[in-house]
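In: generate coordinates for the sequence data below:
(one chain, ligands or ions: 1)
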Amino acid sequence: MNIHKGDNVQIMAGKDRGKRGKVLDIEMKKSKILIQGLNLFKKHKKPTKQGEKGETISVSRYLSVSSALLVCSSCDKPSRIGYKDEGGKKVRYCKKCQAII
Ligand SMILES: [Zn+2]
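Out: Next up is the predicted model:
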């Protein structure tokens, strides 16, 4: 998993293809990510109190990390990420522009 919480990613597949958003949460075990305001699904909310109306709300759903790419903060393009050793520390770098991100 090379995407972290708070990263900007671009969705590369599905109905939100080409859209960008911030990663809010990650499910390591399932390799899924939750992106702010993207991959929205309508959910019907039942009235909780008597006399209240049910409503339809949009919620973001987790999507597979394989359908999103990290947006490089340096070249502003969705990029494949590599890892390299930088002074004993493992850092991510953009395979397009080689910048450490
Ligand atoms: Zn780059």
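In: which residues of the protein lie near the ion?
Out: Residues of the chain found near the ion (C-beta under 5 Å from the ion) are C72, S74, C75, C94, K96, C97, A99. Using the backbone N, CA and C atoms, a C-beta is placed for each residue, glycine as well.
In: which of those residues are buried?
Out: With burial judged by 16 or more other C-beta atoms under 10 Å, the buried subset of the residues of the chain next to the ion is C72, C94.
In: Throw the residues of the chain next to the ion into TSV and include pLDDT, thanks.
Out: Output for the residues of the chain next to the ion, formatted as TSV (pLDDT from 0 to 100):
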residue	pLDDT
C72	97
S74	96
C75	97
C94	97
K96	96
C97	97
A99	96
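In: okay, and which of the residues of the chain next to the ion map to strands?
Out: Assignment to strands by DSSP state E places the following of these there: C94.
In: K49: which of the residues of the chain next to the ion is nearest?
Out: When those are compared for distance to K49 (C-beta to C-beta), C72 wins out at 48.2 Å.
In: okay but that closest one is in contact with A99, surely?
Out: Yes. With contacts defined as C-beta atoms under 8 Å, C72 counts as touching A99 at a distance of 6.5 Å.
In: export stretch 24-41 as PDB, just CAs?
Out: Extracted in PDB, the C-alpha atoms of stretch 24-41 (Å, rounded to 0.1, in the frame of the first residue of the first chain):
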ATOM      1  CA  LEU A  24      -9.800  10.200   4.400                       C
ATOM      2  CA  ASP A  25      -9.300   6.700   5.500                       C
ATOM      3  CA  ILE A  26      -7.600   3.400   4.600                       C
ATOM      4  CA  GLU A  27      -8.500  -0.200   5.100                       C
ATOM      5  CA  MET A  28      -5.200  -1.900   5.100                       C
ATOM      6  CA  LYS A  29      -6.500  -5.500   5.200                       C
ATOM      7  CA  LYS A  30      -8.800  -5.100   2.200                       C
ATOM      8  CA  SER A  31      -6.500  -2.600   0.300                       C
ATOM      9  CA  LYS A  32      -9.300  -0.100   0.200                       C
ATOM     10  CA  ILE A  33      -9.400   3.700   0.500                       C
ATOM     11  CA  LEU A  34     -12.000   6.300   1.300                       C
ATOM     12  CA  ILE A  35     -11.900   9.500  -0.700                       C
ATOM     13  CA  GLN A  36     -13.500  12.700   0.400                       C
ATOM     14  CA  GLY A  37     -16.600  13.500  -1.700                       C
ATOM     15  CA  LEU A  38     -15.900  10.700  -4.300                       C
ATOM     16  CA  ASN A  39     -17.400   7.300  -5.000                       C
ATOM     17  CA  LEU A  40     -20.700   8.500  -3.700                       C
ATOM     18  CA  PHE A  41     -23.700   6.300  -3.300                       C
END
